[in-house]
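Chemist: coords below, sequence missing:
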DNA sequence: TGTCCTAATTGATATAGATCAATTAAATTG
DNA sequence: CAATTTAATTGATCTATATCAATTAGGACA
């Protein structure tokens, strides 16, 4: 039994034991070490991933060769190219481990079967996506409303302790500012 | 029967006739005229709204008194304070009609009952929220990646014909730029 | 149809943050 | 643990866009 994800599920829905066993049975455990990729653009996306241990980032590489970080994921977060997974298309994102990581993967077809046999999992994923939606709205509002300093503070609070797990240039990238600028902001915050 | 929303539902799921009738039975039709508010901050959010006709905007008013537009909605879009609705909390958003509008509202408790009796609607809303999630991710990426001109073009393409329905200062606000700047950008695009 | 009000445009200036370049600090690795 | 690579900091400019102020254009309505 993959206890960490089951705990996570039980925090959101109250499935029967059979439901849990069904869900548990389709999970696969994966390890990636720091710097390795879980996903690259062009790959057909068959899986979403639950983080048991470690830290990862999902990013987009644009035409000009610039990276844009979409999401960090730490313990008990789901990560993946959600759009491609949902449309069963090919990925536009890189997902790279920032720390050695242990993950659980779930396959698209397995998930569809689960929805059929145990529809309560529709709710689980609806709740998760709703929360992710709300978090994104916060991020958009934050960009519109706040300056770099305020957004850095907000970021540190919403991803607890992440500033010690993720390089600053990644945080700067996530916030959409230059590493130099973030460095100056952090200096101000110290004093 | 509220045909426009039923058509919309049928585009996403294949419910039984009874399911449809159940859903239809809990909808209420509402009219708001241009400039009127569908929702204001502090209100307990009991409803989400489907736009039958018209155009609306949802925005947040920050501490400094600045407005930030979260979303426009035209025909066949859902609008509301999704976070507050989901948490059954009080609104932080204004929703205001930009044109005279006809809407269908659904009540939170009714929706919970529908989820129980006709769980296929869990799927309907999961799909909608997933699409909204994806659209938001695009908006975040767009902000990170593109300059004002590129984002204005992208905006016009993704909300078809909206530049003729919505004032430019609202579009500027949505994009997070000043009206003056957007005006200059539009001038460039003409030539 | 003219008056009033709101929106859009244009010009001049200010500023947050980007970029470029150099230096220092911290992590990796043989 | 020394050597090398990678990240963070600092300083000096540059630039996109904000802000402020004034003018023009459009729409709504009496």
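Modeler: Yes, it's here. Everything numeric in this text was worked out from a predicted model, so none of it was measured.

Chemist: contacts for the lowest-mean-pLDDT helix or strand in chain A?
Modeler: Every helix and strand of chain A was ranked by mean pLDDT, DSSP states H and E. The lowest is helix A:82-87, at a mean of 90. The contact list for helix A:82-87 (C-beta atoms under 8 Å, 6 or more residues apart in numbering or on different chains) reads A:45-48, A:89-93, A:108, A:129, A:132, B:130, B:133-134, B:137. (C-beta placed from N, C-alpha, C; glycine too.)

Chemist: ok, and of the residues you listed, which contact DNA strand D?
Modeler: Checked against DNA strand D using C-beta under 7 Å from any atom of the strand, these give no members in range.

Chemist: by neighbour count, which of those wins?
Modeler: residue A:93 (27 neighbours; other C-beta atoms under 10 Å in any protein chain shown).

Chemist: and the contacts of stretch A:139-151?
Modeler: A:154, A:175-177, A:181-182, A:185, A:188-189, B:60, B:62, B:66, B:68, B:70, B:136, B:139-140, B:143, B:176.

Chemist: which strand residues bridge the residue nearest the centre of chain A?
Modeler: By C-alpha atoms, centre = their mean, chain A has its centre lying nearest to residue A:79, at 3.4 Å. Beta bridges link residue A:79 to residue A:49, judged by DSSP bridges.

Chemist: now do the contacts for it.
Modeler: Applying C-beta under 8 Å, 6+ apart, the residues contacting residue A:79 are A:38, A:48, A:49, A:51, A:56, A:58, A:71, A:73, A:95.

Chemist: who wins for neighbours among those?
Modeler: residue A:56 (26 neighbours).

Chemist: wait, doesn't it sit right on residue A:70?
Modeler: No: assessed by C-beta atoms under 8 Å, residue A:56 is found out of contact with residue A:70, at 11.2 Å.

Chemist: how close does the residue nearest to residue A:44 when sequence neighbours are not counted get to residue B:107?
Modeler: Nearest residue to residue A:44, sequence neighbours excluded (C-beta to C-beta, 6 or more residues apart in numbering or on different chains): residue A:90, at 5.4 Å. Here the distance between residue A:90 and residue B:107 works out to 40 Å (C-beta to C-beta, to the nearest Å).

Chemist: again, but for residue A:6
Modeler: Counting by C-beta to C-beta, the gap from residue A:6 to residue B:107 is 34 Å.

Chemist: give me the pLDDT for residue A:43.
Modeler: Reading off the confidence values, residue A:43 has pLDDT 95.

Chemist: what about it, neighbour count?
Modeler: Based on other C-beta under 10 Å, the number of other residues close to residue A:43 is 18.

Chemist: quick one: residues contacting the residue lying closest to it once chain neighbours are set aside.
Modeler: With sequence-adjacent residues excluded and distances taken as C-beta to C-beta, 6+ apart, residue A:43 is closest to residue A:91, at 4.8 Å. Residue A:91 makes contact with A:39, A:40, A:41, A:42, A:43, A:44, A:45, A:81, A:84, according to C-beta under 8 Å, 6+ apart.

Chemist: just the closest of these to residue A:115, please.
Modeler: residue A:45 (17.5 Å; C-beta to C-beta).

Chemist: where's the residue lying closest to the closest one once chain neighbours are set aside relative to residue B:43, distance?
Modeler: Take residue A:45 and drop its neighbours on the chain: the residue closest to it by C-beta to C-beta, 6+ apart is residue A:84, 3.9 Å away. Residue A:84 sits 38 Å away from residue B:43, going by C-beta to C-beta.

Chemist: so what touches stretch A:64-74?
Modeler: A:49, A:51, A:54-62, A:79, A:93, A:98, A:159, A:162, A:165-166, A:170, A:173-174, A:176, B:137, B:140-141, B:144-145.

Chemist: residues of chain A that sit close to DNA strand C?
Modeler: So chain A meets DNA strand C at A:147, A:148, A:149, A:176, A:177, A:178, A:180, A:181 (C-beta under 7 Å from any atom of the strand).

Chemist: any quick ChimeraX command for the buried ones out of the residues you listed?
Modeler: A single ChimeraX command selects the buried members of those (16 or more other C-beta atoms under 10 Å in any protein chain shown):
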select /A:148,176,177
